[in-house]
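Engineer: Need coordinates for the below:
(2 chains)
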Amino acid sequence: IFTFSVLIDGCCKNKRVAKAHEIYSQMKAMKIQPNLFHVNSLIRAYLEESSFEDGLKVLEEAVDMGIANLFTYNSVLSWLCKNGRVTEALDLWDKMVSRGVAPSVVSYNNLILLYCKDKNMEAAFDTCSDMIRTGLNPSVHTYSVLIDGCFKNGETKLAFDVFNQMKLSGLVPSDVTLNTVINGLCKSGNSMEAKSWLEGPELGLVPVCLTYNSIIDGFVKEGNMDMATATFNEMTKNGVSPN
RNA sequence: ACCCAGC
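Structural biologist: Predicted structure coming up:
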């Protein structure tokens, strides 16, 4: 069993998914129970190369063997949500729940992301309320996804409401949250305001390449080449290398 | 040990 585990993991890490699956099948043929850790990594390897169907098959087998856990489901769910496969994602969600696996905050975050991408902010917020009703607290991830969704759907005002609500709830915005806000401002024609966020170190934001990319792109789209170049200079001055 | 967000 130990030998098999090491082999599967090695194949997955080296992108030899087919080989990994071969070994996995051998184990099954020999009636050796693959362990959860390696089933999970096999599934993720499949999803990485976008063979969702294969990943799902392994998931189903893991369920049959009674070894699928929350992480196994979340891995597949995440892939579906990122790729906007609404029907399949909701399907999987129902299956998971009916099999007695309780969704975690991570599961909910995936669903919320799905709705945001689907331009259905109402459903996204409903899902968030559902989550709170089951006793789970929104995480920094949850808020970041919602904020990003609001901006991408043109709800700038709402994005800030969510942002404020996040701070009220005692959560500290992460650098991803702040970069999300900055990017949202730039995309909605408020690059000047976005840039002013860099000056508030009390926010705790250390601008990175991505931060500058958003702002420079924003200025360029607004036709403000002076500010774009100025921002670029500031970027190099601060020791951030452009990509 | 393995699952979620930003250019």
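Engineer: Leaving out chain neighbours, which residue sits closest to A:Tyr108?
Structural biologist: A:Met131 (4.3 Å; Cβ to Cβ, 6 or more residues apart in numbering). Where C-beta positions appear, they are placed from N, C-alpha and C, glycine not excepted.
Engineer: Quickly find the element holding that neighbour.
Structural biologist: Using DSSP states H and E, the element containing A:Met131 is helix A:121-133.
Engineer: Please work out the average pLDDT along that helix.
Structural biologist: Computed over helix A:121-133, the mean pLDDT rounds to 96.
Engineer: Show me what the lowest-mean-pLDDT helix or strand in chain A is packed up against.
Structural biologist: One helix or strand of chain A scores below all others by mean pLDDT, DSSP states H and E: helix A:2-13, with a mean of 81. Judged by 3 or more Cβ pairs under 8 Å, 6 or more residues apart in numbering; DSSP states H and E, helix A:2-13 is in contact with helix A:17-29, helix A:36-48.
Engineer: tell me which residues in the first one are buried?
Structural biologist: Counting neighbours by 16 or more other Cβ atoms under 10 Å, one finds that the buried residues in helix A:17-29 are A:17, A:20-21, A:23-24, A:27.
Engineer: returning to what we had before: chain center to the least confident helix or strand of chain A, what's the gap?
Structural biologist: 27 Å (Cα atoms, centre = their mean, to the nearest Å).
Engineer: now stretch A:138-158
Structural biologist: Counting by Cα atoms, centre = their mean, stretch A:138-158 comes out at 13 Å from the chain centroid.
Engineer: mind listing what's buried in that stretch?
Structural biologist: A:138-139, A:141-152, A:155, A:158.
Engineer: tell me the average confidence for it?
Structural biologist: Stretch A:138-158 comes out at a mean pLDDT of 96.
Engineer: Other residues contacting that stretch?
Structural biologist: Outside of stretch A:138-158, the residues within contact range by Cβ atoms under 8 Å, 6 or more residues apart in numbering are A:105-106, A:108-109, A:112-113, A:115-117, A:119, A:121, A:124-125, A:128, A:131-132, A:159, A:162-163, A:165-166, A:169, A:171-174, A:176-177, A:180-181, A:183-185, A:187-188, A:190.
Engineer: Distance check, A:Ser78 against RNA strand B.
Structural biologist: According to Cβ to the nearest atom of the strand, to the nearest Å, A:Ser78 stands 4 Å off from RNA strand B.
Engineer: and what of A:Met192?
Structural biologist: As defined by Cβ to the nearest atom of the strand, A:Met192 lies at a distance of 17 Å from RNA strand B.
Engineer: mind listing what that residue touches?
Structural biologist: With Cβ under 8 Å, 6+ apart, A:Met192 has these contacts: A:Met227.
Engineer: Centroid-wise, who is the farthest residue in chain A?
Structural biologist: Distance to the chain centre peaks in chain A at A:Met30, reaching 37.2 Å (criterion: Cα atoms, centre = their mean).
Engineer: Quick check: phi and psi on that one?
Structural biologist: Note on A:Met30: its backbone torsions stand at phi -90, psi 10 [degrees, to the nearest 10].
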